[in-house]
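**Q** Okay, predicted coordinates and the sequence, questions at the end:
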2 protein chains.
Amino acid sequence: MLDSAVGQNLTPEQQANTNRTLSIGYVVYEGFTPLDVWGPMELIFQLSNVRNMTLAVISHKKGPVNARSPPHGVGHDPEIGAADYSHMVNPQIVATHTFDDAPHLDVIVVPGGAGYFRLVEETENTIMEDFLARRTPDADYVASVCIGSVILARAGILEGRRATTNKAAWTWSTNHNHGKNITWVPSARWVQDGKIWTSSGVAAGIDMMWAFLRHVYGPILDTVVNSIEYTPHTDADWDPFSVLFKVPGASQNQSQVKECDAPLPTT
Amino acid sequence: MLDSAVGQNLTPEQQANTNRTLSIGYVVYEGFTPLDVWGPMELIFQLSNVRNMTLAVISHKKGPVNARSPPHGVGHDPEIGAADYSHMVNPQIVATHTFDDAPHLDVIVVPGGAGYFRLVEETENTIMEDFLARRTPDADYVASVCIGSVILARAGILEGRRATTNKAAWTWSTNHNHGKNITWVPSARWVQDGKIWTSSGVAAGIDMMWAFLRHVYGPILDTVVNSIEYTPHTDADWDPFSVLFKVPGASQNQSQVKECDAPLPTT
């Protein structure tokens, strides 16, 4: 049902990607935010019907990974606080690989989640960051959703780069020496800096993934989002949530507050 | 971080739900559409931090359930056709219960997915429909996403009711004697008929779940969608996709084509 690339004006990068198989790796951990993973995943899933890609879901161990975060007791920051999540529901994704046996990855995607607050604040476990630092040089693209950008920061991947993050967890994300020489962009649905893509909180990941995959593959992404009846926010600078959550330096431009998207025109 | 119900004007139904524990059951099957499950799931997940609920993920067997559909070879309908999905990526959710040992359910959610075309067209397996027919009378609410409404139809649950479904699969969904005396609404993001809620395709499920949970719990849902930086389509009649996919009887009202939602005001 989806169009082929025939007749579309593709960039050389898009044409090359259309003709290759992309190895995609999703990094997950206990306490991932469900939509951070599965929103962008939907676009990858649908696109894999017409473009060649493979998927590895990579975590500390194989098998079911809880969306529910383990409790953490030490809140160093008012945005996090001490939290016991044991009353929450617990949908699970299945990890197919560990950080030790993951295949070569062309694309790496890193979600946010309350479980990462705990990993940072209460453990010395940097296996995930070490993996990302090791694998990023060989990857063509790296993308994060929500506070997934903090994971990239702590892996040293954002040094000298522009990036964004969850707007409700802005202070924690940007003020804790998570990484050196990072330009955090206060009003952005997503930010691209070279091969690194970072999005704002949770649902913003779907819009970033649309823009990212459109950059990678071309206009076929508009057919994909129409097929799932989704209207992406198509302006990377649109970010009323930066105003809502009082992010320092947020654009107060009122045009930020409203933005419309009808179904995208497809050829 | 989320508000309590204190000070909100709640309906008696909302007040009662705020003070009880809701048992939520997600029905899944091989070939579910990822966002059909995990989009609405995100709202349930976040809300479970401040409202009492339990989650059962229910399928034909426990353990990992593939999002990738098994191939099917017999296409009775041009909207489906014969399809081999074996090249697609395959994220997995974990089923915690079977149709035999699922707990009592107050809320049942049924997603769509390419795997259901195969279940209908190529198998005699009606275990899922039998389960839904058996459990719906005791449930307070039943909701479906995308062609999940066809599953409800085939379970006899939509008889005498209004409902909607995926707009790209409209003909298959509504024309195959899937159920008697159903009023299919051609232009609708979602439809409520009594305790039965049905949504349009895939992403529409998030908007329906926002409206549904808002009906169940009240304005706290607006705080939830803001916290995940999501702007729901708040008008159940908004449906430009019914026009895009040329659904017979679709509203041609051009006001359907554009609709804006800024972050929702919360008290």
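**A** In hand now; what should we look at?

**Q** okay, how far is it across stretch A:137-154, tip to tip?
**A** Start-to-end span of stretch A:137-154 (CA to CA, to the nearest Å) is 15 Å.

**Q** scratch that, stretch A:182-195
**A** By CA to CA, the extent of stretch A:182-195 from end to end equals 15 Å.

**Q** Pull the distance from it to the chain's centre.
**A** 12 Å (CA atoms, centre = their mean, to the nearest Å).

**Q** same thing with stretch A:226-239?
**A** 15 Å.

**Q** How about stretch A:14-25?
**A** The chain centre lies 19 Å from the centre of stretch A:14-25; the measure is CA atoms, centre = their mean.

**Q** Indicate whether it makes contact with chain B.
**A** Yes - against chain B, stretch A:14-25 shows contacts by CB under 8 Å from any CB of the partner chain at residue A:24. In short, each C-beta sits where N, CA and C put it, glycine included.

**Q** Could you do stretch A:168-176 as well?
**A** Yes - applying CB under 8 Å from any CB, one finds stretch A:168-176 touching chain B at residue A:168.

**Q** Quick one: list the elements packing against the helix or strand containing residue A:149.
**A** Here residue A:149 sits within helix A:148-154, counting by DSSP states H and E. With contacts taken as 3 or more CB pairs under 8 Å, 6 or more residues apart in numbering or on different chains; DSSP states H and E, helix A:148-154 sits against strand A:107-110, helix A:114-122, helix A:127-135, strand A:141-144, strand A:162-163, helix A:170-175, strand A:196-199.

**Q** Pick the most buried one from those.
**A** Comparing the helices and strands packed on helix A:148-154 by mean neighbour count (mean count of other CB atoms under 10 Å in any protein chain shown), strand A:196-199 comes out on top with a mean of 29.

**Q** Could you identify the helix or strand that succeeds that strand?
**A** Proceeding N to C from strand A:196-199, the next assigned helix or strand is helix A:204-217, under DSSP H and E.

**Q** Read off the pLDDT value for the closest residue to residue A:64 other than its chain neighbours.
**A** Nearest residue to residue A:64 in three dimensions, chain neighbours excluded: residue A:92, at 4.2 Å (CB to CB, 6 or more residues apart in numbering or on different chains). Looking at residue A:92, its pLDDT is 98.

**Q** give me the number of residues near residue A:92?
**A** 21 (other CB atoms under 10 Å in any protein chain shown).

**Q** same deal with residue A:123?
**A** 11.

**Q** contacting residues around the helix holding residue A:149?
**A** A:27, A:36, A:109-112, A:116, A:120, A:126, A:128-129, A:132, A:142, A:144, A:158, A:163-165, A:172-173, A:178-179, A:182, A:196, A:198-199 (CB atoms under 8 Å, 6 or more residues apart in numbering or on different chains).

**Q** switch to 7 Å and redo it
**A** The contact list for helix A:148-154 (CB atoms under 7 Å, 6 or more residues apart in numbering or on different chains) reads A:36, A:110-112, A:116, A:128-129, A:132, A:142, A:144, A:158, A:163-165, A:173, A:178-179, A:182, A:198.
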